[in-house]
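Chemist: Sharing a sequence plus its predicted fold:
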Amino acid sequence: MYNCRKCPGFCCSYPLIALDKRDVERLARHHGLGFEAARRKFTKAVWGRKYVMRQKADTHFGKICRFFDIKKRCCTIYHARPGVCRSYPGDGRCGYYDFLSFERRAQDDPKWVATTDHK
Ligand code: SF4
Ligand code: SF4
């Protein structure tokens, strides 16, 4: 139904990627840091959430998760990624991938990057 390997990683560009304490602990362990150092370096407290993933600039989507490889279009911390990234988008369809597949067929370009915003 969807193939993340063929996708430019739209879901990693969501502005609100909320982590919990265990996610931050996992990131800290993965990087050999203490909890506080990892919290400061990788997350920020916004929208009433304690730990929201920090972002960086991206040519396609404007901003994207700081752990996203913007050239290879994949996660650089796959085994240490937060719970929300593990469960998304579930067993069903990915709405963005449906849109992407439609656009790629319409453009006759298998590498077309379809953009949209998060509203
Ligand atoms: S937007 Fe959908 S297809 Fe693309 S990486 Fe995320 S889950 Fe996979
Ligand atoms: S941690 Fe990895 S999978 Fe999760 S949003 Fe960041 S780049 Fe994407």
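Modeler: Happy to help now that I have it. What you are looking at is a predicted structure, and each value in this text was computed from that prediction instead of being measured. Numbering: from 1, shown residues only. Ligands and ions are numbered 1, 2, ... in the order given.
Chemist: Just the buried residues of stretch 4-11, please?
Modeler: Neighbour counts using 16 or more other CB atoms under 10 Å place Cys7, Pro8, Gly9, Phe10, Cys11 of stretch 4-11 among the buried residues. Where C-beta positions appear, they are placed from N, C-alpha and C, glycine not excepted.
Chemist: Check the offset of it from the chain's centre.
Modeler: On the basis of CA atoms, centre = their mean, to the nearest Å, stretch 4-11 sits 9 Å off its chain's mean C-alpha point.
Chemist: what mean pLDDT would you report for it?
Modeler: Averaging pLDDT along stretch 4-11 yields 96.
Chemist: Extract the CA atoms of it and return them as PDB.
Modeler: This file holds the C-alpha atoms of stretch 4-11, laid out as PDB (Å, rounded to 0.1, in the frame of the first residue of the first chain):
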ATOM      1  CA  CYS A   4       8.700   4.400   2.600                       C
ATOM      2  CA  ARG A   5      11.800   3.500   0.600                       C
ATOM      3  CA  LYS A   6      10.400   5.200  -2.400                       C
ATOM      4  CA  CYS A   7       9.100   8.200  -0.500                       C
ATOM      5  CA  PRO A   8      10.900  11.500   0.200                       C
ATOM      6  CA  GLY A   9       9.900  11.300   3.800                       C
ATOM      7  CA  PHE A  10       6.900  13.600   4.200                       C
ATOM      8  CA  CYS A  11       5.900  12.300   7.600                       C
END
